[in-house]
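Provide a 3D model corresponding to the input given below.
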Amino acid sequence: MIRSPSLAPSCHLAYAGSSPSICVSSRVFTFALPVLAHPITTIDLAISDLTYNDNLVYHYAGGTIYAALRRWSEAEECFKICACSPGAVPAAIQLEALKKFVLVQLIREGKAIAAAKVYSPESVTSLQEHAILCVRECVASPT
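Sure thing, here's the model as predicted:
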């Protein structure tokens, strides 16, 4: 992402060279911090080709970067934005963001807030189904 000097700092244009997802894949987390300092709040489709999925990936990668740097409150916020972004149906990345959000809350505060207060019913149902499968797998495991 790169900001144009004539635009608001929260309006981003696509530029793969400093994308947070590239920083995650290369494990160079601090390089993305200046970009993440200005969260995406506006996508001007007239000057940018960013999509809904780009927004989800941006915030998921941001949460991953902040978590890797142990900046829990920022990680929590990025995962929350990704998981709570409205859409027709929850995307797979949103379920992953929801799981990471809960994990970050457990690390940071020792407890998780009720997911139903924050997320769509479909996301909560998917998370519950995933949790049930994980518990069954753990119980069935001999170790």
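
Quick one: the helices in this protein, in order.
Listed in chain order, the helices of the chain (DSSP state H) span 20-26, 33-36, 52-68, 72-84, 92-109, 121-140.

Helix or strand with the lowest mean pLDDT in the protein?
Using mean pLDDT, DSSP states H and E, the weakest-scoring helix or strand in the chain turns out to be helix 121-140, at a mean of 64.

burial count for E77?
18 (other C-beta atoms under 10 Å). Using the backbone N, CA and C atoms, a C-beta is placed for each residue, glycine as well.

who's in contact with it?
G63 (C-beta atoms under 8 Å, 6 or more residues apart in numbering).

again with S21
Contacts of S21 by C-beta under 8 Å, 6+ apart are V57, Y58, A61.

Next, work out how far apart it and I65 are.
9 Å (C-beta to C-beta, to the nearest Å).

Same question for V28.
9 Å.

ok, the two, which is more surrounded?
Between V28 and I65, counting by other C-beta under 10 Å, I65 is the more crowded of the two (26 against 11).
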